[in-house]
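> Pasted the sequence and its predicted model underneath.
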Amino acid sequence: MLLLVTAACQSEQELLQGPSAEPVTAIALEPIATGLKRPVAAAHVGGDRFFVAEKDGLVRIVAGGVVLPEPLLDLRDRIATDGSERGLLGLAAHPDFASNGRLYVVFTNLDGDTEIVRFVVSAENPDYADPDSARLILFVEQPFGNHNGGQLLFGPDGYLYIGLGDGGAVGDPFHNAQDPGTLLGAILRLDVDEQEPYTIPPDNPFVAERRARGEVWAIGLRNPWSFGFDRVTGDLYIGDVGQEGPEEINAQSAEQSGVNYGWPILEGSRCYEAERCRSRGLQPPIFEYPHSDGCAVVGGRVYRGTQFPALTGNYFFADYCLGRIWTLRTDPVTMKWQRTLVYELTSPLSNFVESADGELFVLDYGDGILYQIQAAQP
């Protein structure tokens with residue numbers, strides 16, 4: 001598990017001890033499917049089948065390495081795609097998808113606001129999601145067109161986790177990220193099984209606070225585009241896209257909730273708008289990198305599959321702008337986080353996908369390819 005240390009000042013950077021792992025210096029990317037258009041998220045739904053969200057509003061089916069000609073779901077008439085950060089942004093299959101067919105998507109609607117909607121995939125036709133099955137789970141008004149987040153993910157506890165940005169513009173002008181009374185600039189945690197459309201888990205950190213939203217799980221985030229759980233430890237790793245300063249990887253242990261990651265008081269581990277700031281109680285990132293290394297972090301996953309034992313325990317993440325993939329691990333001697341560049345493409349990367357058996361995949365946004373991450377051949 002992660003070793004937690006309360007953040008008392010912005011200079012503390014080695015806060016958490018990650019999973020034990022041998023260093024990886026190179027990987028191979030095996031194309032699983034080509035012919036996608038601006039893929040932003042995917043869900044493994046059993047066997048060789050994936051559902052892939054394309055930014056313009058189609059949910060495509062990948063089966064047997066082929067993108068099927070007919071989409072599972074067409075949302076193009078419900079989605080605003082103006083601006084670089086609007087569109088169909090994420091999807092997640094229910095843990096019991098095989099029996100209930102429930103698929104959750106997040107998009108910006110025609111007014112630019114965020115909707116999280118559940119659809120049901122037909123039991124008679126597994127290649128079709130009935131548009132009439134749509135059920136609105138959550139609506140969030142967006143003040144600006146950027147920082148819409150986009151990650152939907154079911155955690156090891158069976159709850160649905162949602163990443164939402166701070167509402168956009170520059171510098172979080174409405175101070176949303178430090179306000180648990182709003183759903184913006186936060187990770188949310190919902191129980192979508194107890195009753196319709198959802199209930200708030202009783203152990204969410206702000207349920208007893210009168211001026212807070214009970215859905216909130218963590219605050220102080222600028223634009224948590226992508227995040228993932230370590231399936232062995234339950235620890236959560238979050239990629240938060242930076243503004244003028246660094247790109248950052250945040251993390252919290254499976255036992256931790258109500259974490260404040262600091263934005264916009266901190267950007268990365270440093271004060272955002274002043275030489276000094278009150279940082280006690282704020283948790284800076286476990287790792288950050290400058291914009292000379294990229295412009296938008298794509299948070300990844302810890303490899304826990306069985307096909308490539310050499311990759312086990314390494315956290316994989318990427319940068320959208322430069323197409324770089326790195327691993328992150330703690331050095332067993334220094335106990336500091338170490339980053340290694342393991343692959344570099346000429347095309348932007350948008351997200352990571354984990355299969356039911358722990359294998360890792362990555363989406364090439366520019367070339368429209370779903371790759372599997374594999375160990376490099378000696």
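That came through, no problem. Residues are numbered from 1 along each chain as shown.
> Grab the nearest non-local neighbour of the residue most central in space within the chain.
Centroid-nearest residue in the chain, with C-alpha atoms, centre = their mean: residue 226, separated by 1.9 Å. The shortest distance from residue 226 to any non-neighbouring residue, by C-beta to C-beta, 6 or more residues apart in numbering, is to residue 299 (4.1 Å). From N, CA and C alone the C-beta is placed, and that goes for glycine too.
> low pLDDT regions in this protein?
Scanning the chain for pLDDT under 70 picks out 1-20.
> And the helices in it?
Secondary structure of the chain by DSSP state H: the helices cover 97-100.
> what residues are up against the residue nearest to residue 226?
151, 224-228, 237-240, 249, 317, 352 (C-beta atoms under 8 Å, 6 or more residues apart in numbering).
> Inside strands: which ones of those?
Mapping the contacts of residue 299 onto strands (DSSP state E) picks out 226, 227, 228, 237, 238, 239, 240, 249, 317, 352.
> Can you tell me which of the residues you listed lies closest to residue 25?
Distance to residue 25 across the ones in strands among the contacts of residue 299 (C-beta to C-beta) is lowest for residue 317, with 16.1 Å.
> Counting neighbours, what do you get for the closest residue to the closest one other than its chain neighbours?
Nearest non-adjacent residue to residue 317, counting by C-beta to C-beta, 6+ apart: residue 300, 3.9 Å away. Neighbours of residue 300 under the rule other C-beta atoms under 10 Å: 29.
> and what of the one 4 residues further on?
Residues within reach of residue 304, counting by other C-beta under 10 Å, total 18.
> right, and it touches residue 312 too?
Yes: if you go by C-beta atoms under 8 Å, residue 304 and residue 312 touch, sitting 6.8 Å apart.
> what about stretch 97-114, start to end distance?
In stretch 97-114, first residue to last residue: 24 Å (C-alpha to C-alpha, to the nearest Å).
> Run the chain-centre distance for that stretch.
Centroid displacement of stretch 97-114 relative to its chain, using C-alpha atoms, centre = their mean, to the nearest Å, is 15 Å.
> Please identify the buried residues of that stretch?
Neighbour counts over stretch 97-114 (16 or more other C-beta atoms under 10 Å) mark 97, 101, 102, 103, 104, 105, 106, 107, 108, 109, 112, 114 as buried.
> Identify, from those, the entry nearest to residue 61.
residue 103 (11.4 Å).
> How about the closest one, nearest residue that isn't a chain neighbour?
Using C-beta to C-beta, 6+ apart, the closest residue to residue 103 is residue 119 (5.1 Å).
> how many neighbours does that neighbour have?
Per other C-beta under 10 Å, the neighbour tally for residue 119 reads 22.
> Repeat that for residue 374.
17.
> now swap in residue 60 and tell me
Here the number of neighbours of residue 60 (other C-beta under 10 Å) works out to 24.
> list the contacts for it?
36, 39, 51, 52, 54, 67, 68, 71, 72.
> For the fourth one, grab the count of nearby residues.
Okay, so that is residue 52. 26.
> So what sits opposite it in the bridge?
Residue 52 has these beta-bridge partners by DSSP bridges: residue 42, residue 60.
> quick one: the residue nearest to residue 317 and residue 229 touch, right?
No: applying C-beta under 8 Å, one finds residue 300 not in contact with residue 229, separated by 11.4 Å.
> joint contacts of those two?
residue 237.
> The residue nearest to the centre of the chain touches residue 298, doesn't it?
Yes: Residue 226 is within contact range of residue 298, at 5.5 Å (criterion: C-beta under 8 Å).
> hey, what's in contact with both of those two?
239, 351, 352.
> and of those residues, the nearest to residue 123?
Of those, the one sitting nearest to residue 123 (C-beta to C-beta) turns out to be residue 351, at 28.1 Å.
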